[in-house]
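Q: Whatever this is, show me its structure:
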Amino acid sequence: MTARRALALAASLTTVALVGATTSAPAPARTASDQSGSRCPATGTIRVSTLPALSAAGCALAGRTVTDGRASVVVPPAGMSVAGDGIGVRGEVHGLTVTNTGTSVRAGSTTADRSAGRATTARAGSPAACQDRTFNLEHHHWKSALRYRADLGRMPARFHAKTVVSQIRIANGNMRKGRNTCGKPRLRTPASHYLGRTRVKPHINTDGPSCGAYDTKNVVGFGNLPGGLLGWTCYWYVGPRMAAADMMLDNGSNMATTIPQDCSATYDFEGIVTHEWGHVYGMAHTGSGHRNLTMQHVLAACSTYARTLGLGDWLGMNKMYGHRR
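A: Modelled structure (predicted):
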């Protein structure tokens with residue numbers, strides 16, 4: 001063998017050895033174990049309880065569905081958070097938040113109230129709307145105008161499209177402008193623009209419910225919400241800046257655009273949507289004992305009170321957006 005051929009053979013063997021070393025070394029995310037001892041799952045829903053271990057192991061989680069057994073969300077892109085929350089007729093509304101920092105994914109669940117039973121009783125016992133200063137914030141808000149569309153494909157047949165669209169738009173103004181009976185001035189919330197009807201569905205799955213994948217469309221639509229929910233909103237944000245929001249309204253028999261005179265267990269559509277716009281603009285639930293406020297998580301039946309903000313609702317929005325002087 002010539003010296004040149006010997007050198008070529010040695011170089012070839014060295015290259016093979018390097019390639020073998022590179023391909024045989026497993027990536028950390030592929031070999032890490034979750035709490036069950038299994039490797040990073042390639043498919044299927046991920047339980048919140050396994051999230052810390054999977055995140056620490058470097059598993060690829062963006063785009064995967066995470067659930068706590070009640071609510072679910074699709075993990076958003078790096079640097080973004082997603083949350084789901086709503087309003088119902090029972091004394092417990094359960095929300096879920098997931099944040100993807102880019103280096104870790106973490107989740108948090110919220111339960112507004114653990115009391116049981118239907119909230120069809122009078123609102124007596126809670127402070128009057130203009131005396132109750134209670135509010136809670138999600139700590140993110142819109143920095144620019146909100147643009148949204150309405151999908152009426154699953155709207156209840158008893159509703160009229162023109163009335164529904166009108167009340168959705170009015171409800172947006174109720175929250176955005178701070179409409180109230182407490183003598184407070186108009187808020188300086190960024191403008192909103194209704195862009196018309198669409199066939200695009202809200203990225204909300206009624207199984208859970210669940211917040212789907214992030215996109216830049218903001219859609220208000222209808223669906224068969226579970227567990228006594230009247231409305232559910234999913235919203236995506238980056239730090240303090242809101243990025244997108246989808247809203248789903250229940251298409252069952254509980255809601256009406258006009259409260260009937262013989263009302264017993266009917267809930268005001270415009271009031272429900274006003275509450276859900278509150279979540280879109282950064283408001284959280286008040287918690288128990290504030291049933292005269294729009295952001296109370298349980299809606300009282302046979303009343304249009306939630307169409308106008310109470311003092312606490314206005315104060316929360318004012319803290320985020322300020323008001324006109």
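Q: Tell me who's in contact with residue 45.
A: 64, 65, 66, 67, 72 (Cβ atoms under 8 Å, 6 or more residues apart in numbering). For every residue, glycine as well, the C-beta is placed using N, CA and C.
Q: Looking at those residues, which is nearest residue 220?
A: residue 72 (20.5 Å; Cβ to Cβ).
Q: so what's the closest one up against?
A: Applying Cβ under 8 Å, 6+ apart, the residues contacting residue 72 are 45, 65, 66, 96, 205, 207, 208, 209, 210, 211.
Q: how many neighbours does the fourth one have?
A: Summarising burial for residue 96: neighbours were counted as other Cβ atoms under 10 Å, giving 26.
Q: Select from the contacts of residue 45 the one having the most neighbours.
A: Within these, neighbour counts (other Cβ under 10 Å) peak at residue 66, which reaches 24 neighbours.
Q: That one bridge partners, please.
A: Beta-bridge pairing for residue 66 (DSSP bridges): residue 46, residue 73.
Q: Show me where the stretch 151-300 of the chain dips below the pLDDT cut-off.
A: Within the stretch 151-300 of the chain, not a single segment meets pLDDT under 70.
Q: which residues in it form strands?
A: 192-197, 204-205, 210-211, 219-223, 229-238, 241-250, 255-256, 267-268, 283-284 (DSSP state E, counting those that start in this stretch).
Q: The helix or strand following the last one packs against which elements?
A: Put plainly, it is strand 283-284. Using DSSP states H and E, the helix or strand that follows strand 283-284 in sequence is helix 311-321. On a contact count with 3 or more Cβ pairs under 8 Å, 6 or more residues apart in numbering; DSSP states H and E, helix 311-321 meets strand 136-137, strand 283-284.
Q: same for the last one, what does it pack against?
A: Think strand 283-284. Helices and strands touching strand 283-284, by 3+ Cβ pairs under 8 Å, 6+ apart, are strand 136-137, helix 311-321.
Q: want to throw these into CSV with mean neighbour count, mean pLDDT and distance to residue 222?
A: Formatted as CSV, the helices and strands packed on strand 283-284 follow (neighbours: other Cβ atoms under 10 Å; pLDDT from 0 to 100; distance: least, Cβ to Cβ, whole Å):
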stretch, mean neighbour count, mean pLDDT, distance to residue 222
strand 136-137, 14, 96, 27
helix 311-321, 23, 98, 25
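Q: Switch the contacts of residue 45 over to CSV; also include pLDDT and distance to residue 154.
A: Below are those laid out as CSV (pLDDT from 0 to 100; distance: Cβ to Cβ, whole Å):
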residue, pLDDT, distance to residue 154
64, 96, 27
65, 95, 22
66, 95, 26
67, 94, 23
72, 94, 20
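Q: and residue 83, what is it in contact with?
A: 73, 95, 96, 97, 98, 138, 211, 234, 235, 237.
Q: between those, which is nearest residue 188?
A: Closest to residue 188 out of the contacts of residue 83 is residue 138 (18.6 Å), distances taken as Cβ to Cβ.
Q: so how far is residue 275 from that closest one?
A: For residue 138, the distance to residue 275 (Cβ to Cβ, to the nearest Å) stands at 14 Å.
Q: and these two? which has more neighbours close in?
A: Taking neighbours as other Cβ under 10 Å, residue 138 and residue 275 compare with residue 275 leading, 30 against 23.
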